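Asker: Return a 3D structure for these sequence lines:
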Amino acid sequence: MKELFQIDIRYVKGIGPKKAQLFRKIGIKNLEDLLYYFPKRYEDRTRFVKISELKEGQYQTIKARVLVRAERQSFKRRGFRLLEVVVGDETGKLFCVWFNQLHLKDYFKIDTTLILYGRVEKYAGRLQMNSPEFEIINEDTDEMLDMARITPVYPLPEGITQRSFRKLMRACLEEYLPKITDCLPYDIRSRNNLLNLAKSLLNIHFPENIEMQKQAYQRLSFEEFFIFQLPLALRKFRRKQKKGIAHKVEGELVEDFMRRLPFKLTSAQERVIAEIKSDMARPFPMQRLLQGEVGSGKTIVATFASLIAIQGGYQVAFMVPTEILANQHYQNIRFWIGECRLEGRQINIGLLTSARKEKSALPQVLKEGRVDLVIGTHALLEEEIGFKNLGLVVIDEQHKFGVGQRALLPQKGAHPDVLIMTATPIPRTLAITLYGDLDISVIDELPPKRARTLTLGFSKRNELEAYKIAKEQLRQGNQVYIVYPVIEESFTLNIEGARQMYEEFKENEFKEFRVGLIHGRLRPKEQEKIMQDFKEKKIDILVSTTVLEVGIDVPDITCMIVQYAERFGLAQLHQLRGRIGRGSKESFFILVWDALTPEANSRIEAMLRYSDGFHIAEEDLRIRGPGEFFGERQHGLSELKIANPLTQLHLLKKAREEALRLVGFDPYLNLPQNLKLKERLLRRFPEYERLVLVG
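Answerer: Presented below is the predicted three-dimensional model:
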């Protein structure tokens, strides 16, 4: 017999090539996809209500007889034909109306007993249901799919009805469940008190009762978490089998650096440095994620780690997403390292970006080992860039790189240590899921003497109030950002663009000040020149797109206005807020919105209420739901279909423990009881084939 995933959806009875196209649109390509296509909610239709007890505005279920059936033309909508059926029980009558569905009339013969489910509405002084779902009761009806039960409701495209989908699902479950093989080994199911797969699939689609639905949900969620965690556990296990570099973590160079620093480290920075030192001293590769708010001092920590590697004779690659940020890190790190010496010589630092690479001798001197630390963009990933002795890779703003890109740079060395940094806080509930193969450090403290940043909000019609605050700041000698979501005016979105408003501000609202414009379409050298002019206070107001989102430090900016704030994500807004208030002066982060959807309103409220990044991240997770966090860019894995780390953290932790346990005694999943699991893992995540089969 063919496996479920080998049975194309078009060959399933009742589908065929035309319907198969609709199914493929919702990700159902084969029979396995179909059985794992879960309901979005359930309706409890087990409780029948008497017609006299029906309540307007509620979805309710009744059992009644057909009393009258009639067809007529709609008075309100030309070309619409109505099918009206009057049903009744011993307590009263109810009108049911179907629009342009005259083919249903043959179902509603007089005296036929029906179960109907729908929203009760009042029309012309009478109660009625519009297009209710129905089931006919007769002597042959031994089980109803839609009524008198807990009924599944699926997210379906136009062209597939709930009723036909339930019928198809029931037929497939009846035919194939007896032949299904469970991919979860028995000992794991037993330890965690989980249903087998067949019983779980049956009760997730057609629950016997609420308790069985909960057990099915738990089993399938556990399976999803477990398969999600397996590659992370495999990566962690493989890493510990590799021979890494046992760095000498104490030495003259790092001591000299600490002595020369012009400021005191926070206790959070000191704690994280201790964690990194402990990792780097061990003889297997460090894989650590460093989280910290914008301005919390992650770059200093990364510089310290770099010097540990350099003092042992190793090279460091420091990759960032933009040329502006690469330039900024280059300038800052050169300043911090300054006069530090290694055995009497200066530390050699290089800068490699796409713009500089062609004219630079850096690729050659890197290969020769004559550069200790190179700071660069994606240019570092190019094939011709090599290292003599790469000992540490630092990746900043990791969410800006794809999974494949992050893996490429460490391959240029012999199992170097890796430090991944992010200023986008990840809720702890998701950190386990997304980065289960990494050790995690958090800098949860900002340097002292940072002034507070006030977050204010105005609707578009009150934006002049925002401009008043900006002008007050400008007259005090401070600088201002005004951020737009797009460069050009968009008639589709009905919003102004940065370029148009730059001209408008220059001529009118801010004509007494010097206004500049920066955006991602400018060449890197032009961006660099504009930012340098801004830093040197040759520009008072910088109109921009989100090119500012990542890592640009200008200490005299005390005001940022974000236009059409409803079009930005929470993480983006929090990143933008971190770009101001870098000095000792009180700052203003101002959100201006045009039209708010409920979700956008929740985001704006979260920004006004919270300043802490982890609160923001938790709120973002609550608003968007966990699935949105699992994009290819962020993790390379598909979204979770049923499991929810926000509400099932305990189950996620259990799944993680079981994944680590399994990998500990069967690291290649070759034992007979794990072969089905291996197949399922590789079907779900084919990108991990080499990891599972080779290591």
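Asker: how about the strands of the stretch 251-400 of the chain, start to end?
Answerer: For the stretch 251-400 of the chain, the strands defined by DSSP state E, counting those that start in this stretch cover 287-292, 315-319, 341-342, 345-346, 349-352, 373-376, 390-395.
Asker: Please name whichever of the ones you listed is nearest to Leu608.
Answerer: With CB to CB, the closest approach to Leu608 among the strands of the stretch 251-400 of the chain belongs to strand 287-292: 23.0 Å. No exception for glycine: its C-beta is placed from N, CA and C like everyone else's.
Asker: That closest one - what's its average pLDDT?
Answerer: Strand 287-292 carries an average pLDDT of 90.
Asker: Kindly report the same for stretch 379-391.
Answerer: 91.
Asker: just stretch 85-99 next, same as before
Answerer: Here stretch 85-99 scores 93 as its mean pLDDT.
Asker: List the buried residues in it.
Answerer: Applying a neighbour-count criterion of 16 or more other CB atoms under 10 Å, one finds Val85, Val86, Val87, Asp89, Leu94, Phe95, Cys96, Val97, Trp98 buried in stretch 85-99.
Asker: Give me the distance between the lengthiest helix in the chain and the centre of its chain.
Answerer: Of all the segments of type helix in the chain, defined by DSSP state H, the longest one is helix 210-241. Chain-centre distance of helix 210-241: 19 Å, with CA atoms, centre = their mean, to the nearest Å.
Asker: Check which helices and strands it sits against.
Answerer: Secondary-structure packing of helix 210-241 (3 or more CB pairs under 8 Å, 6 or more residues apart in numbering; DSSP states H and E): helix 197-205, helix 428-434, helix 649-665, helix 675-684, helix 689-693.
Asker: Same list, the ones you listed, but as JSON lines with distance to Glu504 and mean pLDDT please.
Answerer: Putting the helices and strands packed on helix 210-241 into JSON lines (distance: least, CB to CB, whole Å; pLDDT from 0 to 100) gives the following:
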{"stretch": "helix 197-205", "distance to Glu504": "56", "mean pLDDT": "96"}
{"stretch": "helix 428-434", "distance to Glu504": "41", "mean pLDDT": "66"}
{"stretch": "helix 649-665", "distance to Glu504": "49", "mean pLDDT": "91"}
{"stretch": "helix 675-684", "distance to Glu504": "51", "mean pLDDT": "87"}
{"stretch": "helix 689-693", "distance to Glu504": "54", "mean pLDDT": "66"}
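Asker: Looking at these, spot the one closest to Leu573.
Answerer: Nearest of the helices and strands packed on helix 210-241 (CB to CB): helix 428-434, 18.6 Å.
Asker: Which strands border the helix or strand following the closest one, and is each parallel or antiparallel?
Answerer: Using DSSP states H and E, the helix or strand that follows helix 428-434 towards the C-terminus is strand 439-443. Next to strand 439-443 in the sheet, as set by DSSP bridges, lie strand 287-292 (parallel).
Asker: Return the most buried member of the strands of the stretch 251-400 of the chain.
Answerer: strand 315-319 (a mean of 28; mean count of other CB atoms under 10 Å).
Asker: contacting residues around that one?
Answerer: Contact with strand 315-319 is made by 302, 306, 309-310, 329, 333, 366, 369, 371-378, 380-381, 387-396, 401, 409, 412-413, as judged by CB atoms under 8 Å, 6 or more residues apart in numbering.
Asker: circling back: pipe the buried residues of stretch 85-99 into TSV and attach distance to Arg661 per row.
Answerer: Formatted as TSV, the buried residues of stretch 85-99 follow (distance: CB to CB, whole Å):
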residue	distance to Arg661
Val85	59
Val86	63
Val87	58
Asp89	58
Leu94	58
Phe95	61
Cys96	56
Val97	59
Trp98	56
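Asker: Narrow these to those in strands?
Answerer: Residues of the buried residues of stretch 85-99 located in strands (DSSP state E): Val85, Val86, Val87, Asp89, Leu94, Phe95, Cys96, Val97, Trp98.
Asker: Pick out whichever of those sits closest to Asn508.
Answerer: Closest approach between these and Asn508, by CB to CB: Val97, at 57.4 Å.
Asker: ok, now which ones touch the closest one?
Answerer: Leu82, Leu83, Glu84, Val85, Gln128, Met129, Asn130, Ser131.
Asker: still on that earlier bit, now tabulate the strands of the stretch 251-400 of the chain in TSV and tack on distance to Glu619.
Answerer: Below are the strands of the stretch 251-400 of the chain laid out as TSV (distance: least, CB to CB, whole Å):
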stretch	distance to Glu619
strand 287-292	17
strand 315-319	30
strand 341-342	46
strand 345-346	47
strand 349-352	38
strand 373-376	34
strand 390-395	26
